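Novice: Build me a model from this:
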Amino acid sequence: MSANNMEEVLMELTGKNIVYVGGFGGIGLETCKQLLQKGVANLMILGKAWNESAYKELNSVDPQRVCQFIEFDVTCGLERTRTVFAQIAEKFGNIDMLINGASISDEKDYNLIIATNFTGTINATLVAYDLMDKSRGGKGGVVVNISSVAALTPFHVLPIYSATKGGILNFTRALAHLEPKTGITLYTICPGITDTKHWDNVHCFQGKYLGLKERSRHAFPSQSTLDCATNIIKAIQAHKNGSTWMCDLGQLKMVEIKNFWFPNKENKNGEQCCKPECG
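Specialist: Now for the predicted structure:
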């Protein structure tokens with residue numbers, strides 16, 4: 001499916017209560033601006049550090065809509081994550097959407113990159129999942145996990161970064177299968193190289209300075225944060241459970257991820273079946 005065919009299935013963002021983890025980052029900031037322009041009811045940004053200029057920039061988008069901020073380190077662990085999300089749910093009444101956008105690319109400390117990119121995303125997703133789950137009294141909701149093109153084509157110079165992003169992709173796709181029970185829609189968005197500070201001072205897993213941002217001007221063309229954010233919003237509005245989206249060089253494309261193995265099990269007629277739809 002291309003971005004041109006989305007008009008018939010747009011999800012309404014007006015009136016939604018949204019939590020954005022990493023909303024002060026380059027892509028996150030531009031995406032949050034567009035969320036405010038869409039008329040969301042409440043926007044809560046979770047971030048490791050306060051950013052006064054970013055906060056003022058967001059609150060100038062629409063004087064009637066004030067975004068909020070809670071200091072939050074995604075590596076803080078599950079219990080702290082539960083506490084923060086419980087506070088937000090109490091404040092807003094419910095959480096309609098979680099966007100996980102916190103990420104680092106420096107592999108000098110590989111425990112930190114795994115804790116930030118992968119474990120932090122899992123913890124936030126599962127905590128929001130419990131609050132949204134219809135089978136547990138929730139109202140359903142949406143979880144959007146920001147991955148990377150490194151999940152689609154691994155970066156050989158950044159294998160740990162690629163592993164965390166690939167993990168996010170499969171984690172999201174797996175949980176999406178539970179949507180009929182939980183009422184929670186999940187999808188993954190994979191941005192290409194974007195003009196942010198994300199690639200400044202990056203070290204590869206061997207501890208060597210990579211200089212990817214300097215090289216990207218020649219070998220790796222990049223996109224603006226505005227183009228990336230615009231396509232993230234389009235992917236969110238397309239609202240397709242289990243989908244994977246690539247937004248690169250100003251283009252948005254839904255990527256088909258093929259399954260090559262299925263567990264053998266008996267279908268409803270007692271016959272052996274290896275198709276995922278059989279149960």
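Novice: Restricting to C-alpha, output stretch 235-255 in CSV.
Specialist: Presented in CSV, the C-alpha positions along stretch 235-255 are these (Å, rounded to 0.1, in the frame of the first residue of the first chain):
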residue,chain,number,x,y,z
ALA,A,235,1.4,6.1,9.0
ILE,A,236,-0.4,6.6,12.3
GLN,A,237,-3.6,7.8,10.7
ALA,A,238,-3.5,4.8,8.3
HIS,A,239,-4.0,2.7,11.5
LYS,A,240,-3.2,-0.7,10.2
ASN,A,241,-2.6,-3.3,12.9
GLY,A,242,0.7,-5.1,12.7
SER,A,243,1.9,-3.0,9.8
THR,A,244,5.5,-1.9,9.2
TRP,A,245,6.2,1.4,7.6
MET,A,246,9.4,2.8,6.1
CYS,A,247,9.7,6.6,5.9
ASP,A,248,12.8,7.5,4.0
LEU,A,249,13.9,10.5,1.9
GLY,A,250,10.4,12.0,2.2
GLN,A,251,8.6,8.9,1.0
LEU,A,252,6.3,6.6,3.0
LYS,A,253,5.9,2.9,2.2
MET,A,254,4.2,0.0,3.9
VAL,A,255,6.7,-2.8,4.0
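Novice: element containing residue 69, please.
Specialist: Per DSSP states H and E: residue 69 is located in strand 68-71.
Novice: same deal with residue 145?
Specialist: Assigned by DSSP H and E, residue 145 falls in strand 141-146.
Novice: Which secondary structure elements does that strand sit against?
Specialist: Contact here means 3 or more Cβ pairs under 8 Å, 6 or more residues apart in numbering; DSSP states H and E; on that basis strand 141-146 packs against strand 97-100, helix 120-132, helix 159-176, strand 184-191, helix 225-238. No exception for glycine: its C-beta is placed from N, CA and C like everyone else's.
Novice: would you list every one of the helices in this structure?
Specialist: 26-37, 52-59, 78-92, 110-114, 120-132, 159-176, 179-182, 212-216, 225-238 (DSSP state H).
Novice: Can you point out the buried residues in the shortest one?
Specialist: Going back to what we said before, that points to helix 179-182. Residues of helix 179-182 classed as buried: residue 182 (neighbour count, 16 or more other Cβ atoms under 10 Å).
Novice: then it to PDB, C-alphas only?
Specialist: Extracted in PDB, the C-alpha atoms of helix 179-182 (Å, rounded to 0.1, in the frame of the first residue of the first chain):
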ATOM      1  CA  GLU A 179      -5.500  -7.200  18.900                       C
ATOM      2  CA  PRO A 180      -8.800  -9.100  18.700                       C
ATOM      3  CA  LYS A 181      -8.600  -9.800  22.400                       C
ATOM      4  CA  THR A 182      -7.000  -6.700  23.700                       C
END
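Novice: So what pairs up with the nearest residue to residue 125 once chain neighbours are set aside in the strands?
Specialist: Sequence neighbours aside, residue 143 is the residue nearest to residue 125 in space, at 5.5 Å (criterion: Cβ to Cβ, 6 or more residues apart in numbering). Beta-bridge pairing of residue 143 under DSSP bridges involves residue 98, residue 186.
Novice: List the contacts of the residue nearest in space to the middle of the chain.
Specialist: Taking Cα atoms, centre = their mean, the centroid of the chain lies closest to residue 145, which sits 2.1 Å from it. Taking Cβ atoms under 8 Å, 6 or more residues apart in numbering, we find residue 145 in contact with 100, 121, 125, 168-169, 171-172, 186-189.
Novice: swap the cut-off to 10 Å and go again
Specialist: When contacts are counted by Cβ atoms under 10 Å, 6 or more residues apart in numbering, residue 145 is found next to 21, 98-101, 121-122, 124-125, 165, 168-169, 171-173, 175, 186-190.
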